[in-house]
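Novice: With the sequence up front, the predicted model follows.
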Amino acid sequence: MAKELAQISMKGMFMEYHKHTGETVIPALSYADLPRGAGPPGPPKAGGPPMLLQLRSLFHSMLWAQLQRLGIEVVCNKRTVEYFETENHGGVVTSDGDRTEADIVIAADGIGSKAQSLVMGEQVRGMYSGHSVFRTAYPSEFAFQDPIVRENFHLIDERPVLRAFYG
């Protein structure tokens, strides 16, 4: 799986951070140049794993393929109402009353996850931060036909740049 992860990871990607006004806060850094365990935002964590970036769909496909190779059952389309832990296992309770234990439970139930109370000790409610997120991606041949896009969202050494704008 490590080889597969390396294959789907974006090589040579840059990242940079800006205020909503366009002012650069953190200039472009290559993911390859980040210290092991570094990640935006905040100081690098010494000795951590290397920083890798993948498209979410490719990462999901890689995980799904590994589960299939190992013959691990994945249960979907059930509403989780509770997570629990025993001495040796994790588990879930679904809205239809099923109680299932497993060696590994992946809490993929989104914002307001029922796993928060188990992991954090309490349920943490989302709060309005005053920020919003807009993500988009276009093939560069199409996007760079526009002179404003070409000027403001250029590549660095023909490599893509992840640009984040805050505020």
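Specialist: Nice, thanks for sending it over.

Novice: hey, let's count contacts and neighbours off CA atoms from now on
Specialist: Noted.

Novice: Flag every buried residue along the lowest-mean-pLDDT helix or strand in the chain.
Specialist: Lowest mean confidence among the helices and strands of the chain (mean pLDDT, DSSP states H and E): helix 116-120, at a mean of 78. Buried residues in helix 116-120, counted by 16 or more other CA atoms under 10 Å: Q116.

Novice: Distance from the chain centre to it, please.
Specialist: The chain centroid and the centroid of helix 116-120 are separated by 19 Å under CA atoms, centre = their mean, to the nearest Å.

Novice: same check, this time on stretch 156-167
Specialist: 17 Å.

Novice: who's in contact with it?
Specialist: Defining contact as CA atoms under 8 Å, 6 or more residues apart in numbering, one finds that stretch 156-167 is touched by 12-20, 22, 28, 131, 153-155.

Novice: in the very next helix or strand once past the least confident helix or strand of the chain, what's buried?
Specialist: Next helix or strand after helix 116-120 toward the C-terminus (DSSP states H and E): helix 140-143. For helix 140-143, burial by neighbour count (16+ other CA under 10 Å) applies to no residue.

Novice: helix or strand right after the longest helix seen in the chain?
Specialist: When the chain is parsed with DSSP state H, its longest helix is helix 56-70. Remark: after helix 56-70, the chain's next helix or strand is strand 80-85, criterion DSSP H and E.

Novice: From the contact counts, what lies against that next one?
Specialist: strand 90-94 (3 or more CA pairs under 8 Å, 6 or more residues apart in numbering; DSSP states H and E).

Novice: Now for A115, how many residues are close by?
Specialist: A115: 23 surrounding residues under other CA atoms under 10 Å.
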